[in-house]
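>>> Please find the sequence and the predicted model below.
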Amino acid sequence: MPHVRIADLTKRYGSIVALNRVSLEVRDREYLSIIGPSGCGKTTLIKCIAGIIHPDEGEISVDGRNVDRLPIQDRELGYVFQEIALFPHMNARENISYGPTVKGWASDKTGSIVTELLNMIKLSDRGNAFPDELSGGAQQKTAVSRALASGSSLLLLDEPLGALDAKVRAELRYELRRFVKDLHLTAVHVTHDQEEAMSISDRVVVMRAGRIVEVGTPMELYLKPKEIFTANFVGEANFMDVEIAEKTEEGCILNVGGLKLRVRSKAIPGVERVIAAVRPEFISIRNHRVHGVDDWLGEIEGESFTGTVTRYDVRVTNGEKLVVKHPISAEEPEFHMGDKVNLSLPADHILVYPYPEAGLEKETSVE
Amino acid sequence: MPGVRLVQVSKGFGRIRAVDRVSLEVQDGEYVCILGPTGSGKTTLLRLIAGLVEPDEGEVYIGNRLVNQYPPEERDAVYVPQRYALFPHITVLENVAFGSTAKGVDREEAFENSRRTLELVRLGWRADAFPEELSGGMQQRVALARGLASGAKLLLLDEPLGALDARLRVELRDKLRKLVKEQGLTAFHVTHDQEEALTVADRIIVLREGRVQQQGTPFHVYRRPENLFVANFVGGTNFLEGVVAGREREGSYIRLRGDLQVQVQDISYLVDETVVVAVREEKTLIKADVDEEPNTLSGEVKAVRFLGCFTRYEVGLENGDTVASRVPTYTLEKTFTAGSRVKVGFHPVDAMVYPYPSLGLLKEVEVS
């Protein structure tokens, strides 16, 4: 039942603050991912949980027990690195049984655990293979099994799929989640790949410059991000710098360079200048008007096919340039360069944020 | 002008044929992505063009000139390796300008141009830093800028965005393409990321075990994969094994396991032939109720994964097969949960049909 509580964790390297008073709870049996641009502190955080790095301030407890002074080998956790770190001179079976053997477990007990784990990762026929005879994906699954063999129920995954090809990575991520759920583990997974985090996690932590920006379910972060940084980081968004023109009962009307935009979001008291954000796939694109809908007119300036979606750059009559993604479900892409199109932006899916003090570009920067 | 032509080029290392009789012809100004899994020969192919590896057989032409005998520096090409090597004792800006100043370009002009290129990879603010002060991703961007600023007309980029965060990679890939187009360069861009290739390339060359599997525009490669490997490697695809049960003018009928039957438009297979029907996940529709459309199969939702723009459902069919359906998140009026009884289906026109591979389906589509 690993329930991890992190309170006010701070870690400095010289003048750089890698973690700045970070507090976070990881619930029992939860699959939690941490994302953020490089240098945001996500790796430092997971290494603090593992006991590889010691924080300057703050504390970490697991199931109510303070683990600050516990060395890594006594923390009862499994840790998997990006760099696949199997012992090259041992076969898969020997690699997986390494922990239990070191701990002096009875060999029949170890043997049956290893067999079960090999079954789970669908490598039961490759137990005698050496790491260099296994594919990258198979090696990393072996590494995960090794991390689990000693019976730890807290699994720390530090970019576990980072060294693999995109295609293999996308397949393996679902398997990882399945292991964690089937074995009732608690997992903390650090990744630089937002889609990976979104697709397998119960909750996702977004970090930036040593702090937690926001924590939420994948859907919350994608559909209703509280922070403008999150809106940009977990998926593409169009941002428009606009003024509130009118407050209405169900939300407000924004003035976007002379065009009206109805949004469901409540006006923020005392704020006139706001950023309106909308995901490219929520904008509908048509070649005709629809009665009763506030249409914007625009012209297609760019188009690119990306497989599951076609992306259009559309220049709207007010000068605004919007990216529109047209997911391909059953129909073919319908528009081409120079086409005049009608856009409508759904009131429900427009996010409104106060104009950031630092300016939009700084606020959303992924550096 | 740097068009590139390869004629039956092979290169082996010991017993492994890293590049196996590859022929291709790339026009001046084209942006080409070489796509394939680890070990498919992508890097070797790039190094053959760069002149860093000598072919065992075949001819390499750059701009109509046979360059087999030319050293790398006389090929008007710049190779940016995946493992970038920056000079540690000079600044970022000096690193970027190095190629031009070494060639004797006026120092001021070289620095001005390098500064612009650094802005482009969003590192103008680090121009005076030394490489070791930068993160790995930043160093890779410096190496890329150095390649771009070198003045070479042919860019050979090995995983140029590989060390970057996913979000930054998406931003930079568009910029990279734009720059290549604006400056009229020809680019080869090696990647294992199919989405990256689909987005930036004029043409994609899919490699596997040293051999070209297919080449064509992104649209062509995605919509008309020539074999099962490409169908699997590029995009998310469902595969259903079956036997041709009947052929008519408007299409064929395929009998799947469990006596299920589907209709496809393809009529190029004979009755009783064993085939694989491939359908893209986003062309696999999911519905709550029965409808009149052909190819409606019953099943149960096994898993639901939210991907952002799309939501992905894994559905177990009654015959034991599993298919995935990718639905644009915003079109979902009703969402399904694990355990929901659903119908999945596809239009006959969206089914791609392949002969059943002699080595078996799994082996044929295997990535690693």
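All right, it came through fine.
>>> Pretty sure residue B:51 sits against residue B:72.
Yes. Using CB atoms under 8 Å, residue B:51 is in contact with residue B:72, at 3.9 Å. No exception for glycine: its C-beta is placed from N, CA and C like everyone else's.
>>> Who has more neighbours out of those two?
Relative neighbour count places residue B:51 above the other of residue B:51 and residue B:72, with 21 against 15, counting by other CB atoms under 10 Å in any protein chain shown.
>>> residues touching that one, list them.
B:60, B:67, B:70-72, B:75, B:77 (CB atoms under 8 Å, 6 or more residues apart in numbering or on different chains).
>>> among the residues you listed, who's most crowded?
Top of these by neighbour count (other CB under 10 Å): residue B:77, with 26 neighbours.
>>> What separation do you get for that one and residue B:177?
18 Å (CB to CB, to the nearest Å).
>>> what's the answer for residue B:85, then?
25 Å.
>>> likewise residue B:248?
45 Å.
>>> More neighbours: the two, which one.
Higher neighbour count among residue B:248 and residue B:177: residue B:177, with 18 against 9, using other CB under 10 Å.
>>> from the contacts of residue B:51, which ones fall inside helices?
Of the contacts of residue B:51, none are assigned to helices by DSSP state H.
>>> quick one: which of those residues is nearest to residue A:23?
The closest of these to residue A:23 turns out to be residue B:77 (CB to CB; 52.5 Å).
>>> how about the helices of the stretch 1-150 of chain A, start to end?
Taking DSSP state H, counting those that start in this stretch, the helices of the stretch 1-150 of chain A run over residues A:42-50, A:92-96, A:98-102, A:107-120, A:136-148.
>>> how is chain B carved up into domains?
B:4-230, B:236-365 (automatic domain parsing).
>>> which parts of the stretch 251-368 of chain B sit against chain A?
B:280-283, B:285, B:303, B:305-310, B:312, B:326-331, B:347, B:350, B:367-368 (CB under 8 Å from any CB of the partner chain).
>>> could you redo the last one with a cut-off of 10 Å?
B:280-285, B:303, B:305-312, B:314, B:324-331, B:335, B:346-347, B:349-350, B:366-368 (CB under 10 Å from any CB of the partner chain).
>>> Got a PyMOL select line for the buried ones in the residues you listed?
Buried members of these can be picked out in PyMOL with the line below, counting by 16 or more other CB atoms under 10 Å in any protein chain shown:
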select buried, chain B and resi 280+281+282+283+284+285+303+305+306+307+308+309+310+311+312+314+324+325+326+327+328+329+330+346+347+350+367+368
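>>> Strands - which of the residues of the stretch 251-368 of chain B next to chain A land there?
The members of these that map onto strands under DSSP state E are B:280, B:285, B:303, B:305-306, B:310-312, B:314, B:324-328.
>>> that older thread, what two of the contacts of residue B:51 have the greatest distance between them?
B:60 and B:71 (12.7 Å).
>>> about what we covered before: between residue B:51 and residue B:72, which contacts overlap?
Each of B:79, B:156 lies in contact with both residue B:51 and residue B:72 under the rule CB atoms under 10 Å, 6 or more residues apart in numbering or on different chains.
>>> Below-threshold pLDDT in the chain: ranges please.
Just so you know, I chose chain A. Along chain A, the model assigns pLDDT under 70 to residues A:1, A:292, A:329-333.
>>> Wait, chain B was what I had in mind.
In chain B (pLDDT under 70), the answer is B:1, B:290-292, B:332-334, B:368.
>>> centroid residue for it?
The C-alpha lying nearest the average C-alpha coordinate of chain B belongs to residue B:194 (CA atoms, centre = their mean; 3.3 Å).
>>> Quick check: chain neighbours aside, which residue is closest to residue A:203?
Leaving aside its sequence neighbours, residue A:203 sits nearest to residue A:32 (CB to CB, 6 or more residues apart in numbering or on different chains; 5.3 Å).
>>> Could you check how far the one you found is from residue B:202?
41 Å.
>>> out of those two, which sits in the busier spot?
residue A:32 (21 against 17).
>>> so how many other residues sit close to residue 361?
In the absence of a named chain, this looks at chain A. By other CB under 10 Å, neighbour count at residue A:361 equals 9.
>>> other chain: chain B
Neighbours around residue B:361, by other CB under 10 Å: 16.
>>> and if you look at residue B:266?
Neighbours around residue B:266, by other CB under 10 Å: 18.
>>> Please look at it and residue B:354 and confirm they touch.
Yes. Residue B:266 is within contact range of residue B:354, at 9.4 Å (criterion: CB atoms under 10 Å).
>>> what touches both of those two?
B:275, B:277.
>>> what comes up buried for whichever strand or helix holds residue A:212?
Here residue A:212, judged by DSSP states H and E, is contained in strand A:211-216. Neighbour-count burial for strand A:211-216 flags A:212-216 (criterion: 16+ other CB under 10 Å).
>>> tell me the angle of that strand relative to helix A:42-50?
80 degrees (axes from the mean of the first three to the mean of the last three CA atoms, to 10 degrees).
>>> Listing partners with orientation, what would you give for strand A:211-216?
strand A:203-208 (antiparallel) (DSSP bridges).
>>> buried stuff in the partner strand?
A:203-208.
>>> Distance to residue B:142 for those - can I get that in TSV?
Listed next are these as TSV, based on distance: CB to CB, whole Å:
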residue	distance to residue B:142
A:203	36
A:204	31
A:205	30
A:206	27
A:207	25
A:208	23
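>>> Run through who's touching the strand holding residue A:212.
Contacts of strand A:211-216 (CB under 10 Å, 6+ apart): A:6, A:17, A:19-25, A:32, A:34-36, A:40-42, A:45, A:203-208, A:220-231, A:233-234.
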